[in-house]
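>>> Got a predicted structure plus its sequence, pasted below:
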Amino acid sequence: MMAASRELHGVQHQLETTPWRGPKRHYDILREGLIALLVVGVVVVGLASFLGSPDDPALTFKAWATDMPQDFYDTTVSELAGTSESATYGPPYNTGGTGQNLGPVNLQTAMGVRIPVDPATDFVITPLQSQAQPGDVSAALSRWAAATADQRTAWTTAYDNALNDPAAGGDPTKVASGDYGPVPTLASGLEAMAASGALDGILAAPGNFYSTDNTKQILFMGDGGYLDAAASATHLQGNQWGMMNETGSYPGQQWLAPFSFWYQLPFFNSEADSGLAATLTANGDIYIMAIVVVFTLVVMLLPFIPGLRELPRVLGLHRLVWRRYYRDGH
Amino acid sequence: MSAHAGAANEGARSAAAPLVAADRTDAAPTSLIGRLRHRLEHDLPYDQLLPETQPSYVASWIYVFGVLTLAALAMIIASGVVLAFEGPSWYHTSGVGHWFNSLHFWSVQLFFMFMLVHLVGKFSMAAWRGHRARTWITGMIAFLVSIIAGLTGYVVQTNFDSQWISFEAKDGLNAAGVGAWFNVANLGQALLVHVFLLPAIILVIVAIHVVLVRLRGVVPPIDAARVEQARDAEEGR
C-alpha cells in the first residue's frame, strides 16, 4: 500500500517536472491573444462610451472659505497655534508628533523629517506675505514678525483656547476679549485671501514659477472639515469601505478589499481613550499594514508552506477545472 | 588612419582576442553571451516558446484569464500613452480626453478583475507544483506592483478623488516609513512613477512570468498520475 502510494507520488512528480508526454491538442496562443485583445477592446470601448468615468472636480480653498468660512477660520487658527493635525503629525513633515508605533518599533520616526512642513509659516504667514495685503493685515504680519517665539505661542494658544471654548464654539464673534495679538487679523486675512481665490496655487511654491508638489495644499485642506465632509458625503471614509469606493456609482479600487476590511473592525475604529482598542485605533495604519504584509507574504510563499500548499487539493476547485480530464482522461 | 596605425590596431586586437579555429566554433561556449545562448537554446527552444499544441488538460475557460489580463494591460498602456502625451489635466476640459480617461479607467478595472480570477484559478490548481514556484511568485509580484501603479494613477487624476486618496493614503505609507521617500501628495513624483517606472517594472515582471510559464509548461492536474497510470494500464503498457 505504502509502496503503491510512493510510486504514485513519484509518477506525479515526474509528470509535473518533465515535458508532458500524454495527449495534446492544437492551441494557438497567438490567435487566442488577438481574440482576447479584440474582445477586451470592444468591451472597454463600450463601457467607456456608455458609462464614462468618474471625475468630480478638485475642491478649492476658495470654495472652502466661501462655503464653510468658520471652519476655514478655525483651521487657520489651529495652524498658527500648532494644534492642527498637520502641526502635530510628526515625521516625515515635522517633529510635532511621534507617528505610529508597531509595538516598540516606530518606522515613521526612524525615517526622520524628510518633507519639512511648518503649518504656521507654510500655510498662513508665507502665503499672506506673498502678496499685498490690506493695512490691518500688513500691520498684523509686521507685529507677528517682530514678536518672539514665546510671545507668538502665548497669543496663538490663548486665542485657540478661547475660540474652542464651549462659550464660543468656534465662532470668532463670540470669543471673549483677551490679548490675542495679531492672530485674529492674520486668520481673517487668510480667510479673505482664500475667498478671493488667491490662496489656490500659492501654497505649493510661493514665489516660484513651477510647482509640482501639492503636499502643503493636501495637508492644509485635510486639517479642516471641508475635505472630510465631502468624503463622508461620497462614502469615501476609511470606515465606510472608502478605500475601495469611488465617487458616483463607479467601481473603485475593489482589489484593496483585503486592506479595507480591517478598517471596518471595531477595535480599529474605537472611541476609547485608553486600553488595547485605543492603542490599535491610534496606530491602526501601521498595524493594518503589518497584517496585510504578513498575509501577502504567506500567499506569495504558499508553495513552500507545508499544509497550506495542500489547501487547493482540500478545497477541490481543481475538480471543476479539470473535470473532463478526470472523466475522460484527456 | 595611416597604414602603420591600422596595423598596430590589428595587432592589439589579435592579442586581446585570439582567432578561433573554424573547427572549434561548435565547442561548448565559454563566453557569457555564448553561455546565455546555449542556455536559451537548451531550456527554451522556439517550439517550446511558441508551441502549437498544449496538453489535453488545458481545456477550461479559466486558462483564458491570463491572456485576458495581458489584453487589458495592452489597453491600459495604449490609452495611457495618449493621456501621457496630453498631460494630467487634459481630460477635465476635453470630451475626447474624458473618453480616453474612461478607456484607461475601465481597462484598469478589467485588468484587476481578470488578474484576480487568474490568481484564484492558479491557486485552485496549486499551479506552483513541479518547480513552478517562481512563476507563482512573479505573478504575485506583478499583482502587488500593479496595486501601487493603480494607487499612483488615482492620485495623479488632479480631481477630488486624488485629493482625498492622497490625503488618506499618506498615513499608511508614512506609518510604514515609506512616505518619507514615496510622497503620494507630490504630483510630480507620483506622475513620473506612474507613467514610467511602474509600467516598466510591470512589463519586465510580466515578461519573466510568461517566459517561466513557457519554460515549465502548464502544470499537470492534481492527481494526474492516477489518470495516466489507468491509461497506461488500459493501453497494456
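Noted; the coordinates are in hand.

>>> I figured residue B:84 hits residue B:192, correct?
No: between residue B:84 and residue B:192 there is no contact under CB atoms under 8 Å: 10.5 Å. (Glycine included, C-beta is placed from N, CA and C.)

>>> outside of the lowest-mean-pLDDT helix or strand in chain A, which residues touch it?
Sorted by mean pLDDT, DSSP states H and E, the helices and strands of chain A end with helix A:2-17, the least confident at a mean of 87. Contact with helix A:2-17 is made by B:129-131, B:219-220, B:223-226, B:228-229, as judged by CB atoms under 8 Å, 6 or more residues apart in numbering or on different chains.

>>> hmm, 7 Å instead?
B:129-131, B:219-220, B:224-226, B:228-229 (CB atoms under 7 Å, 6 or more residues apart in numbering or on different chains).

>>> The longest helix that chain B contains - contacts with which helices or strands?
In terms of residue count, the longest helix belonging to chain B (DSSP state H) is helix B:95-124. Counting contacts by 3 or more CB pairs under 7 Å, 6 or more residues apart in numbering or on different chains; DSSP states H and E, helix B:95-124 is packed against helix A:29-51, helix A:311-315, helix B:64-86, helix B:90-93, helix B:133-155.

>>> wait, which of those helices is closest to residue B:210?
Taking CB to CB, helix B:64-86 is the member of the helices and strands packed on helix B:95-124 nearest to residue B:210, at 7.9 Å.

>>> Of the contacts of helix A:2-17, which is the nearest to residue B:38?
Among the contacts of helix A:2-17, residue B:131 lies closest to residue B:38 (CB to CB), at 20.4 Å.

>>> What helix or strand is the nearest residue in space to residue A:312 that is not next to it in sequence located in?
Nearest residue to residue A:312, sequence neighbours excluded (CB to CB, 6 or more residues apart in numbering or on different chains): residue B:126, at 4.1 Å. Secondary structure assignment for residue B:126, by DSSP states H and E: no helix or strand.

>>> returning to what we had before: buried among the contacts of helix A:2-17? Need that as a selection in PyMOL.
A single PyMOL command selects the buried members of the contacts of helix A:2-17 (16 or more other CB atoms under 10 Å in any protein chain shown):
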select buried, chain B and resi 129+130+219+220+224+225+228+229
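
>>> and residue B:41, how many neighbours?
Applying other CB atoms under 10 Å in any protein chain shown, we find 10 residues neighbouring residue B:41.

>>> Mind checking the pLDDT average for the helix or strand it falls within?
Using DSSP H and E, residue B:41 maps to helix B:32-43. Helix B:32-43 comes out with an average pLDDT of 89.

>>> Send me that helix as CSV with only the CA atoms.
Only the C-alpha atoms of helix B:32-43 are listed here, as CSV (Å, rounded to 0.1, in the frame of the first residue of the first chain):
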residue,chain,number,x,y,z
LEU,B,32,29.0,34.9,-21.1
ILE,B,33,27.0,35.6,-24.3
GLY,B,34,27.7,32.1,-25.6
ARG,B,35,26.5,30.5,-22.3
LEU,B,36,23.4,32.6,-22.4
ARG,B,37,22.6,31.5,-26.0
HIS,B,38,23.4,27.9,-25.1
ARG,B,39,21.1,28.1,-22.1
LEU,B,40,18.2,29.6,-24.1
GLU,B,41,18.7,27.1,-26.9
HIS,B,42,18.7,24.2,-24.4
ASP,B,43,15.9,25.4,-22.0
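
>>> Return the per-residue confidence for residue A:22.
Note on residue A:22: pLDDT of 87.

>>> need the contact list for residue B:119.
Residue B:119 makes contacts with B:139, B:143, as judged by CB under 7 Å, 6+ apart.

>>> typo on my end, it should be residue A:286
Counting by CB under 7 Å, 6+ apart, residue A:286 makes contact with A:100, A:102, B:175-176.

>>> related to what we said a few turns ago, which one of the contacts of helix A:2-17 is nearest to residue A:50?
For those, the nearest to residue A:50 is residue B:219 (39.1 Å; CB to CB).

>>> can you list the domains in chain B?
Using automatic domain parsing, the domain parsing of chain B gives B:2-43, B:59-234.

>>> Kindly check the end-to-end length of the last one for me.
Distance between the boundary residues of domain B:59-234 (CA to CA, to the nearest Å) amounts to 23 Å.

>>> same thing with stretch B:215-235?
Using CA to CA, the end-to-end distance of stretch B:215-235 comes to 30 Å.

>>> which residues make contact with it from outside it?
By CB under 7 Å, 6+ apart, stretch B:215-235 touches A:8, A:11-12, A:15-16, A:19-20, A:22, A:313, A:318, A:322, A:325-326, A:329, B:43-44, B:54-55, B:57-58, B:125-127, B:129-132, B:135.

>>> Kindly report the same for stretch A:319-330.
The contact list for stretch A:319-330 (CB under 7 Å, 6+ apart) reads A:23, B:56-57, B:59-60, B:62, B:124-125, B:221, B:227, B:231.

>>> Also stretch B:78-85?
Stretch B:78-85 is contacted from outside by B:91, B:100-101, B:103-104, B:107, B:195, using CB under 7 Å, 6+ apart.

>>> So which bits of it are buried?
Per 16+ other CB under 10 Å, stretch B:78-85 contains these buried residues: B:78-80, B:82-84.

>>> what does the domain assignment say about chain A?
In the assignment given by automatic domain parsing, the structural domains of chain A cover A:61-205+A:212-233, A:265-330.

>>> Quick one: neighbours of the spatially closest residue to residue A:126 that is not a sequence neighbour, just the number.
In this structure, residue A:126 finds its nearest non-sequential neighbour in residue A:206, 5.3 Å apart by CB to CB, 6+ apart. Neighbour count for residue A:206, taken as other CB under 10 Å: 16.

>>> Contacts only, for residue 56.
I'll assume chain A. Applying CB under 7 Å, 6+ apart, the residues contacting residue A:56 are A:247, B:159-161.

>>> Sorry, I should have been clearer: chain B.
For residue B:56, the contact set (CB under 7 Å, 6+ apart) comprises A:22-25, A:325, A:330.

>>> can you rerun that using 10 Å?
Applying CB atoms under 10 Å, 6 or more residues apart in numbering or on different chains to residue B:56 gives the contacts A:20, A:22-25, A:27, A:324-325, A:328-330.

>>> quick one: which of those residues sit in strands?
If you go by DSSP state E, these have A:24-25 in strands.

>>> Let me see the mean pLDDT of stretch B:93-106.
In this model, stretch B:93-106 carries a mean pLDDT of 97.

>>> looking at chain B, which helix or strand is least sure?
In chain B, no helix or strand scores lower on mean pLDDT, DSSP H and E than helix B:3-16, which sits at a mean of 51.

>>> Can you point out the buried residues in stretch A:264-273?
A:267-268, A:270.

>>> Show me the shaky parts of the chain.
In the absence of a named chain, this looks at chain A. Applying pLDDT under 70 to chain A picks out residues A:1-2.

>>> Chain B was what I was after
For chain B, the stretches flagged by pLDDT under 70 are B:1-18, B:20-26, B:236-237.

>>> Grab the most central residue of it for me.
In chain B, the C-alpha nearest the mean C-alpha coordinate belongs to residue B:206, at 1.2 Å (CA atoms, centre = their mean).

>>> Where does it fall, secondary structure wise?
helix B:198-216.

>>> Kindly report the same for residue A:258.
helix A:257-260.

>>> Extract the C-alpha trace of whichever helix or strand comes after that helix and format it as PDB.
Using DSSP H and E, the helix or strand that directly follows helix A:257-260 along the chain is helix A:276-282. Taking Å, rounded to 0.1, in the frame of the first residue of the first chain, the C-alpha atoms of helix A:276-282 are listed here in PDB:
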ATOM      1  CA  LEU A 276      -5.800  48.000  23.700                       C
ATOM      2  CA  ALA A 277      -8.600  49.300  21.300                       C
ATOM      3  CA  ALA A 278      -7.400  52.800  21.800                       C
ATOM      4  CA  THR A 279      -3.800  51.800  21.000                       C
ATOM      5  CA  LEU A 280      -4.900  49.800  17.900                       C
ATOM      6  CA  THR A 281      -7.000  52.700  16.700                       C
ATOM      7  CA  ALA A 282      -4.300  55.300  17.200                       C
END
